[in-house]
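Q: okay, here's the prediction I keep looking at, along with the sequence it came from:
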Amino acid sequence: MELYGATGKILRINLTNGDVAVEKQNPLFYRVYMGGRNIALYYLINEVSSKVDPFDNENKIIFATSVITGTLIPGSSRFTVAAKSPLTNGYGEAEAGGWWGPELKFAGYDAVIVEGKSVNPVYIWICNDKVEIRDAAYLWGKETGEVYKAIKEELGDSKTRIVQIGPAGEKLVRFANISNELIHFAGRTGLGAVMGSKKLRALAVRGTGEVVVKNKIKIQEYAHWFAKNRLLSPCIKPLSKLGTSRYVSALSKMGILPTKNFYQGTFKGAEKISGEYLAESILKKTEGCYACPVRCKRVVEVDKPELVIESQYGGPEYESVASLGSNCGIDDIEVVCKANELCARYGMDTISTGVTISFAMECYEKGIISKEQLSGLELKFGNSDAFLKIILMIANREGIGNILAEGSYRAAKQFGSSAEKYAMTVKKQELPLHEGRGKWGVALGYAVSPTGADHLQAAHDPWFEQQGDSSKEIDFIDITDMNLFGIIEPIAATSLSPEKVRLFIHLQYLWSLHNVLDLCILVSVPESRMIKLEDLVKLVGDVTGWKTSIWDLVKAGERGITMARAFNTLSGFTSNDDILPERLHEPLPDGPLKGTYIDKKSLTDAISLYYEMMGWDIKGIPNKGKLIELGIGWINKLLSKYR
């Protein structure tokens, strides 16, 4: 079997002894695992002990691409980062777009496995066959913009692509992120802290090769068609114009914009932090990722005596706007963008940062933490000055920031039992900015996600309420694209019926597939995107030469979900961890969905049915037969004592 789309080489770097090795993988390995999360999980399950602490030498951090990364397929710029998470103590994974993933492929590698721990700060330099571990002592403690510039100058090649952590990662903030090119982020599960624990500040990559595909002409033709027709798409056109923050106003009108630590679903200041207002006020330009003409990234700039925001750090996505805006009661777009910039400078996940601060705000207003504990800050909802100062305190682990840097779950344990109900987490990770009481499928995804609360487990519920209903405030999905899976009728957003669980599972397979192929969901299926299911099958075949099918690709997605569940089982997670914060079981106090809540028994029943449909036992552990059916029967030996 010939190998197309992949290089067949895995780079392994040991920071303890300085060893560098290149391992060869055969074409069958890629046919089974394909890339992204599946490649990362293959190595993590085989090589990282379930007993290891995320900050121990034995933890490994893996940067993995897929068989389509670095091709001309729009949206194929992404790569996966994975390790045992310091935030959840289970499977940690985050994806990022940009340019670094394709550059790694051009350098000749499908993945990099970093193991061990350096005594002194270092960065890794990869230039085709040359791999060096370089001194980074002079970079330690500096903001990401300074480090980006310094490494570029040291290497003398402007085309070098850099992933790095910031000072927050160095200080082991448990939700530290990893950035590339300063504006693209592998944000969730605290993987920046894993790099920090290894004294690894950055990985710089330069490649002069290319990704060899089976049918180059077909891929070029599709890329040309996409670029020519993208603005005809009812979803892509507004995405190019306003970015993902275009959803802010619509979600608030629907009553599902998280506000004041998920207490409310409607924010009075939504228009002031909307994508429309951002575009009219401080937007400087737009940016995109490798081989993608959509250009959905925002770049903002402010130059005032009282406030400066540098354009090199880009601008906020929807999650950042809602987390740092409505959920903290902030209705000033400049303050939201400054907060986003601080997170980029210091290297922190904007979702966990904002939700942890909103948790602290509620604790302060409820009298659980005092002004003295906050070093004199009036940390109330909407207080912009205190809000920006607490971000810096968290990044530097100063004062109460040292506690909040542990994440809201651990902080609540320190503040006392009265604080725990205000920590909006699942598996110790903060909720993304989507109100589960108005999107019950999303809430189910929060509960069963292997990485802790995650909004990218499946398509969001409102798209499936009415087939082809273009009167909705947000884009709709023509569910005829889901007829391929036997989904033929609309399903209510506030439902956890067996039909909803079935829909969720089919969609979860697809969303997982995107993290296997490292393909951006903003251009692909099934939310009325440009790349339809049939297109995706053809594109993968044109890249790899495989005779593949929708069924085959979906199985790869299911394989990833099941492997992640196995990793968590080995790490001590049980069905008791598949729960939601108590607040989501309480009625929304106002707005269009006033009185709506998620019934606990309905959720429990849905999760039990989910296990059964997934081929897992009543404890949520994958069955022997399911693992064999997915071609990963080797995991059975590891799970046998947990059943």
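A: Looks like it came in fine.

Q: rest of the way, CA atoms for contacts and neighbours
A: Will do.

Q: keeping just the C-alphas, turn stretch 288-298 into PDB.
A: Output of stretch 288-298 as PDB, limited to C-alpha atoms (Å, rounded to 0.1, in the frame of the first residue of the first chain):
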ATOM      1  CA  GLY A 288      -7.100  33.500   7.800                       C
ATOM      2  CA  CYS A 289      -5.400  30.100   8.000                       C
ATOM      3  CA  TYR A 290      -3.300  28.200   5.500                       C
ATOM      4  CA  ALA A 291      -5.100  27.500   2.300                       C
ATOM      5  CA  CYS A 292      -8.400  28.900   3.600                       C
ATOM      6  CA  PRO A 293     -10.100  31.900   1.800                       C
ATOM      7  CA  VAL A 294     -12.800  32.400   4.500                       C
ATOM      8  CA  ARG A 295     -10.600  34.800   6.600                       C
ATOM      9  CA  CYS A 296     -12.800  34.600   9.700                       C
ATOM     10  CA  LYS A 297     -10.100  35.800  12.100                       C
ATOM     11  CA  ARG A 298     -10.600  39.300  13.500                       C
END
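
Q: worst-scoring helix or strand of the chain, pLDDT-wise?
A: For the chain, counting by mean pLDDT, DSSP states H and E, helix 236-242 ranks last in confidence among helices and strands (a mean of 90).

Q: ok, and what's touching it?
A: With contact meaning CA atoms under 8 Å, 6 or more residues apart in numbering, helix 236-242 is reached by 230-231, 246, 275-276, 279, 294-296, 298, 522-523, 529-530.

Q: swap in 6 Å and give it another go.
A: Contact with helix 236-242 is made by 231, 275, 294-296, as judged by CA atoms under 6 Å, 6 or more residues apart in numbering.

Q: shouldn't Asn46 be within a helix?
A: Yes: assessed by DSSP: H, G, I helix; E, B strand; the rest coil, Asn46 belongs to a helix.

Q: run a quick neighbour tally on it.
A: Per other CA atoms under 10 Å, the neighbour tally for Asn46 reads 12.

Q: which one of the contacts of helix 236-242 has the most neighbours?
A: Greatest neighbour count in these, by other CA under 10 Å, goes to Gly275: 28 neighbours.

Q: my read: Asp349 touches Asn177, true?
A: Yes: taking contacts as CA atoms under 6 Å, Asp349 lies within contact range of Asn177: 5.3 Å.

Q: now do the shared contacts for the two.
A: Common contact partners of Asp349 and Asn177 (CA under 6 Å, 6+ apart): Gly187.

Q: send me stretch 265-284 as CSV with only the CA atoms.
A: Only the C-alpha atoms of stretch 265-284 are listed here, as CSV (Å, rounded to 0.1, in the frame of the first residue of the first chain):
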residue,chain,number,x,y,z
GLY,A,265,-29.3,33.8,29.2
THR,A,266,-30.0,37.4,28.0
PHE,A,267,-27.5,40.3,28.2
LYS,A,268,-28.7,43.9,28.0
GLY,A,269,-25.3,44.9,26.6
ALA,A,270,-25.1,42.3,23.9
GLU,A,271,-25.3,44.8,21.0
LYS,A,272,-22.3,46.7,22.4
ILE,A,273,-20.0,43.6,22.2
SER,A,274,-21.5,42.1,19.1
GLY,A,275,-19.6,41.1,15.9
GLU,A,276,-21.4,43.9,14.1
TYR,A,277,-20.3,46.6,16.6
LEU,A,278,-16.8,45.2,16.6
ALA,A,279,-16.6,45.5,12.8
GLU,A,280,-17.9,49.1,12.9
SER,A,281,-15.6,50.2,15.7
ILE,A,282,-12.1,48.7,16.2
LEU,A,283,-11.7,46.1,13.5
LYS,A,284,-8.4,46.7,11.6
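
Q: and that stretch, how far from the chain's centre?
A: Centre-to-centre, stretch 265-284 and its host chain are 23 Å apart (CA atoms, centre = their mean, to the nearest Å).

Q: list the buried ones in that stretch?
A: 265-267, 269-279, 282-284 (16 or more other CA atoms under 10 Å).

Q: identify all contacting residues around the one helix or strand His224 maps to.
A: Per DSSP states H and E, His224 falls inside helix 216-229. The contact list for helix 216-229, computed with CA under 6 Å, 6+ apart, reads 73, 293.

Q: for it, what is the average pLDDT?
A: In this model, helix 216-229 has a mean pLDDT of 96.

Q: restricting to C-alpha, output that helix in PDB.
A: Taking Å, rounded to 0.1, in the frame of the first residue of the first chain, the C-alpha atoms of helix 216-229 are listed here in PDB:
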ATOM      1  CA  LYS A 216      -3.400  16.700  -7.100                       C
ATOM      2  CA  ILE A 217      -5.500  18.100  -9.900                       C
ATOM      3  CA  LYS A 218      -8.800  17.200  -8.200                       C
ATOM      4  CA  ILE A 219      -7.700  18.900  -5.000                       C
ATOM      5  CA  GLN A 220      -6.600  22.000  -6.900                       C
ATOM      6  CA  GLU A 221      -9.900  22.100  -8.700                       C
ATOM      7  CA  TYR A 222     -11.900  21.800  -5.500                       C
ATOM      8  CA  ALA A 223      -9.900  24.500  -3.800                       C
ATOM      9  CA  HIS A 224     -10.500  26.800  -6.700                       C
ATOM     10  CA  TRP A 225     -14.200  26.100  -6.700                       C
ATOM     11  CA  PHE A 226     -14.400  26.800  -2.900                       C
ATOM     12  CA  ALA A 227     -12.600  30.100  -3.200                       C
ATOM     13  CA  LYS A 228     -14.800  31.200  -6.200                       C
ATOM     14  CA  ASN A 229     -18.100  30.300  -4.500                       C
END
